[in-house]
Every structure is written in structure tokens, then in C-alpha cells.
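Trainee: here's my sequence, what's the structure:
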Amino acid sequence: MAGSLEELLNATGNIVGRLRNVELGPNVYPGVPPEFTNWRDEQEAWQTTAILFDLSYHMVDLAIEGPDALDLLSHVGFNSFEGFSVDQAKHLAPCSYDGYVIGDVILFYLGEGSFNLVGRAPALNWIRYHAETGGFDVSHEWDERTVLRKDPSRRKSYRFQIQGPTALPIMERVLGAPPPDVKFFHMTTVEIAGIPVRALRHGMVGQPGFELFGPWEGKAAVQEAILAAGENFGLRRSGSRAYSSNTLESGWIPSPLPAVYTGDSMKSYREWLPADGYEASASIGGSFYSESIEDYYFTPWDLGYGRFVRFDHDFIGREALEEMSSEPSRTKVTLALVEEDVLRVVASQLEPGHRGKFIEFPSAVYAMHPYDAVTVHGETVGVSTWIGYSSNERKMLTLAVIDNEYAKPGTEVTLLWGEKDGGSRKVNVERHQQYEIRAIVSPVPYSEYARQSYRAD
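Mentor: Numbers count the residues shown, from 1 in each chain. This next block holds a predicted model:
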């Protein structure tokens, strides 16, 4: 096998064909069972009582420390860092030199010159590359996600999220005092089971809650204390099936394909990346097809991050984003699929002849990077990026990026479900035929509570 991603691309030819047929399905969520009770009740808990997510296993953690740490992060981030200080967090979605998103992570400002970044590997690889090659006076430590570790039972830190209408009363019970009054995406330190715990004010599904994290040694005791405190408040633990679907209601697109495969300015980075890393095996699935990998890239505006772009500092991709900012052409929306058409696909599994691509519940995603075509009168006007079922809304929903002229809520569009020519060679893709599913353009986030709470914060 070639030693770098660049060598692999040179040997492969068209990278689109490789990623379409790589034998990997969706991103896995290890460390927790698929369900603790059942995924329907677990979904409903985050809107009616409270849910406990265990995020200790499926994401990469990257620690950055040193006198130039903030300069490094500002160099790769289009967000403003004005006023950013200790005990705050920030969403960070670094771009290529051409202004296309490489990935996104959450950045935690832990102490003077000390930061932690948590998320999927692509954005963290990009940041680590600049930490090693950019001349910054920093050190870094990579804490790999569980499925790729030699010691899967132990990581540097644990990470929980507690969300829902009863999350704050549960926190008051576990703390023995009212929960700290901190602003959204601000942090403080609390004590649980006699253990210091960092607490981030958060709301993944639009409901009030906290993200709690600390050294791995304290995980079991902190978890036990939270579960005990939640017994009389309807607290449920989330399995991996429910967790993978929560983004449908909150509106976050978790799967932008890293925009690293083209461009001379990115060549040295591709030479740094290994041929067996995330970027070489980032499977693409769905009905949207293009021979150009650049048609799978997203801008910050596509993903709803345009409001975070600030030209008050120099950063990678600034010139390209300044040009893009004048006329963003696409909008992130939720698509609510028409039940009758969804049921036709489901019914095809029970009939002789050609079936549609199987729709898994609650998450119907079958590749690391889903791309389904969204059409109007047969013409492609956007792509669906994440699809699944919400028991709270009793709807099949997708998160999509579509042309502005079709983005008005209430507009009817069509989702093309399934891959052409009977399906790709991905091992989890059965032979099937494509189906058209009508869909209604809807707000994002789809959850009314989430829309109101995110607007307030």
C-alpha cells in the first residue's frame, strides 16, 4: 500500500469511485450497547424527561498546549477569537485554503495555553498537521477513539451529557445544590461523588443540560451518582441507536466529507496524511453522483456556519471565504419525508421482485458520508446528508443542503433513495432499486424547542 494519501490518490485515479466502494459502513458508536431499554423511549426521553449520553468512546480527543496554542487555533479557525477565554468552549470548523470545510470539533479552553478539541478525526488531523509543521510553540497529545485503540477499555478522559426537561433537577440532586448558573458554552467545575468534574453548559437536542468530563479514573463513580440522582426524574441512558439519530432534531450535520483531496495548496498535507487513515477510507453512500470529488465539498454557509465566519483575523481560507460570503448559494434545511412514499420503500421489503434500499430505524445512514440527491422536476437542487426517524416528531427526517430558491419552508422536493446500478460494493449495501420519496422543506432545527433555545443562546 502507498505510504501517504497523496500516493494513494495518484495510484487510484478517481477518488470518488474508491470512496463509494470502500467496504466500510457508517461511523460506529462503541462502548455502549445499541439500546439500554428501547430506542423509541430513549429518543423521547430527551424531550420529555432526561437522557444520559455516554460520549467517552467514539470521538478523538486532541490536547494542544503551549504559548502559541491560541495562535495556532486562530490560524485554522474562521471563528472570531476576540474575548475567548478560559472556561469557554467554541465550535470550530476549519477550512481548506479554498474555503471548504474539512470537519468540525468542539474546542474547550481549559487553562492558560491549554486546550482540548473533541470530534471526528479529519479536523483534528488538520490541526495536528499545523501544530507539527507551522512553526508554533506547542505540544499535542492524541487520544484515539476506542475502536482504534490497543487499550480500548481505557482512555484519558470520560465524557457524559445529560439533557432534557428534568436535567437541571437531576443536576441539583446529584450536586446537593442548584446547578451552576453559567452561560451556554461556558464551563465551571463541580463536585460529583467527591470528584472534581468539569461542566459545560450545553444543549445537544435543544433541551437544557450539561456536558460533564474528567479523568478516566472517575468515570464509574460519576456515572453511578448521576444515575442514582435521576431515578425519580425519568432519566434514561442512551444506547448507540438513539444517539446516532439525535442530530435529526437538533439540525447539526455531522458528516461533511473532508475537503482535502484536491488542490496544489493541499498537496503537502496529503503527503503528511497516511494511506490507511480516515481520509483514505471515508466511505460515501447515496444517490448523489458526480465524478468530481469537489462536488461533495461543503462551504461554511452550506452547513449553517456562515454566521460564525469573522474576518477580524488572518486564517487559512480567509481570502476564499471573503469571495464566497457575498453570495452564498445554498441553505441547510430539514426535509420531512412524505409518509406514503416512505411506506412504499418499506413495503418493497415484503414483496417479490426489486426492493428498495432497506431503511434502518432510527438512523438510516449506511455510509460514513451520506449523499442523497434532492431533486425538483428531475433536476438536482441539493443533497441530503443525514436521514432517520424521530419518535418525538413521528417523522422520517433528513438534514439537507439545497439551492436557496427551493429552501422556503413548505416547498415540495424529491429525495432519490438508493444507489444507482443496484448499489455500490459496500458490504452493507444489498442489491436494490432506487425510489423517489417526496419531502417537504422544513425549518432547521426541526424541533421547535431547539429552534427557540438555540436562538436565545
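Trainee: going forward, measure contacts between C-alpha atoms and count neighbours the same way
Mentor: Will do.
Trainee: would you map the helices across the stretch 101-250 of the chain?
Mentor: Under the criterion DSSP state H, counting those that start in this stretch, helices of the stretch 101-250 of the chain are mapped to 121-133, 167-175, 219-229, 240-243, 247-250.
Trainee: for the residue most central in space within the chain, give me the pLDDT.
Mentor: Nearest residue to the geometric centre of the chain (CA atoms, centre = their mean): residue 254, 2.2 Å. Residue 254 carries a pLDDT value of 92.
Trainee: just residue 126 next, same as before
Mentor: For residue 126, pLDDT reads 98.
Trainee: likewise for the one 3 residues further on?
Mentor: The per-residue pLDDT reported for residue 129 equals 98.
Trainee: specify the beta-bridge partners of residue 372.
Mentor: Judged by DSSP bridges, the bridge partners of residue 372 are residue 384.
Trainee: next: the one 4 residues further on.
Mentor: Beta bridges link residue 376 to residue 379, judged by DSSP bridges.
Trainee: if we can go back for a sec, can I get the helices of the stretch 101-250 of the chain in TSV including distance to residue 103?
Mentor: Putting the helices of the stretch 101-250 of the chain into TSV (distance: least, CA to CA, whole Å) gives the following:
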stretch	distance to residue 103
helix 121-133	5
helix 167-175	30
helix 219-229	28
helix 240-243	20
helix 247-250	16
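Trainee: for residue 156, give its distance to residue 96.
Mentor: 30 Å (CA to CA, to the nearest Å).
Trainee: compare those two (neighbour count), which wins?
Mentor: Neighbour count, other CA atoms under 10 Å: between residue 156 and residue 96, residue 96 has more, with 23 against 13.
Trainee: in space, what's closest to the more buried one - neighbours in sequence excluded?
Mentor: residue 317 (5.8 Å; CA to CA, 6 or more residues apart in numbering).
Trainee: list the contacts of the one you found.
Mentor: Residues near residue 317 by CA atoms under 8 Å, 6 or more residues apart in numbering: 95, 96, 97, 98, 99, 100.
Trainee: also residue 104?
Mentor: By CA under 8 Å, 6+ apart, the contact set of residue 104 is 91, 92, 93, 94, 119, 120, 123.
Trainee: between the contacts of residue 317, which has the most around it?
Mentor: Result: residue 95 is most packed of the contacts of residue 317 (other CA under 10 Å), 29 neighbours.
Trainee: was I right about that one contacting residue 124?
Mentor: No: using CA atoms under 8 Å as the test, residue 95 is too far from residue 124 to be in contact (11.8 Å).
Trainee: point out where the stretch 201-350 of the chain drops to low pLDDT.
Mentor: 204-206 (pLDDT under 70).
Trainee: all the strands of it, in order from the start?
Mentor: 209-215, 235-237, 284-285, 330-337 (DSSP state E, counting those that start in this stretch).
Trainee: of all the ones you listed, which lies closest to residue 403?
Mentor: With CA to CA as the criterion, residue 403 lies closest to strand 330-337 of the strands of the stretch 201-350 of the chain, at 4.4 Å.
Trainee: if you count contacts, what does the closest one end up packed against?
Mentor: Contacting strand 330-337 under the criterion 3 or more CA pairs under 8 Å, 6 or more residues apart in numbering; DSSP states H and E are the following elements: strand 395-403, strand 435-442.
Trainee: turn the ones you listed into a markdown table, columns for distance to residue 326 and mean pLDDT.
Mentor: As requested, the helices and strands packed on strand 330-337 are exported to a markdown table (distance: least, CA to CA, whole Å; pLDDT from 0 to 100):
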| stretch | distance to residue 326 | mean pLDDT |
| --- | --- | --- |
| strand 395-403 | 15 | 97 |
| strand 435-442 | 24 | 98 |
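Trainee: reformat the helices of the stretch 101-250 of the chain as TSV; add mean neighbour count and distance to residue 182.
Mentor: TSV is the format used below for these (neighbours: other CA atoms under 10 Å; distance: least, CA to CA, whole Å):
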stretch	mean neighbour count	distance to residue 182
helix 121-133	19	27
helix 167-175	20	12
helix 219-229	17	20
helix 240-243	24	25
helix 247-250	24	21
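Trainee: so which of the helices and strands packed on strand 330-337 comes closest to residue 202?
Mentor: strand 395-403 (21.3 Å).
Trainee: list of residues touching that closest one?
Mentor: Residues external to strand 395-403 that are found in contact with it (CA under 8 Å, 6+ apart): 248, 251, 253, 302-303, 329-337, 339, 342, 374, 381-390.
Trainee: now do it and strand 330-337, the angle between them.
Mentor: 150 degrees (axes from the mean of the first three to the mean of the last three CA atoms, to 10 degrees).
Trainee: return the residues in contact with residue 436.
Mentor: So residue 436 contacts 341, 414, 415, 416, 417 (CA under 8 Å, 6+ apart).
Trainee: nearest to residue 285 among those residues?
Mentor: Nearest to residue 285 among the contacts of residue 436, with distances taken as CA to CA, is residue 417, at 10.6 Å.
Trainee: and that closest one, what does it touch?
Mentor: Counting by CA under 8 Å, 6+ apart, residue 417 has contacts 286, 287, 356, 357, 372, 373, 434, 435, 436, 437.
Trainee: test my guess that the fourth one contacts residue 432.
Mentor: The reference is to residue 357. Yes: the pair residue 357 / residue 432 is scored as a contact, 5.4 Å apart, by CA under 8 Å.
Trainee: need the residues touching each of the two.
Mentor: What both residue 357 and residue 432 touch, as defined by CA under 8 Å, 6+ apart, is the set 418, 419.
Trainee: please say which of those two ends up with more neighbours.
Mentor: Neighbour count, other CA under 10 Å: between residue 357 and residue 432, residue 357 has more, with 25 against 20.
Trainee: shouldn't residue 103 be in contact with residue 258?
Mentor: Yes: in this structure, residue 103 is within contact of residue 258 by CA under 8 Å, at 5.9 Å.
Trainee: common neighbours of these two, please.
Mentor: With CA under 8 Å, 6+ apart as the test, residue 103 and residue 258 both reach 122, 123.
Trainee: ok so, going back, selecting buried members of the contacts of strand 395-403 in PyMOL, what would you type?
Mentor: To isolate in PyMOL the members of those that are buried, counting by 16 or more other CA atoms under 10 Å, one can use:
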select buried, resi 248+251+253+302+303+330+331+332+333+334+335+336+337+342+374+381+382+383+384+385+386+387+388+389+390
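Trainee: related to what we said a few turns ago, which of the helices and strands packed on strand 330-337 has the highest mean neighbour count?
Mentor: Neighbour counts (mean count of other CA atoms under 10 Å) averaged over each of the helices and strands packed on strand 330-337 peak at strand 395-403, with a mean of 25.
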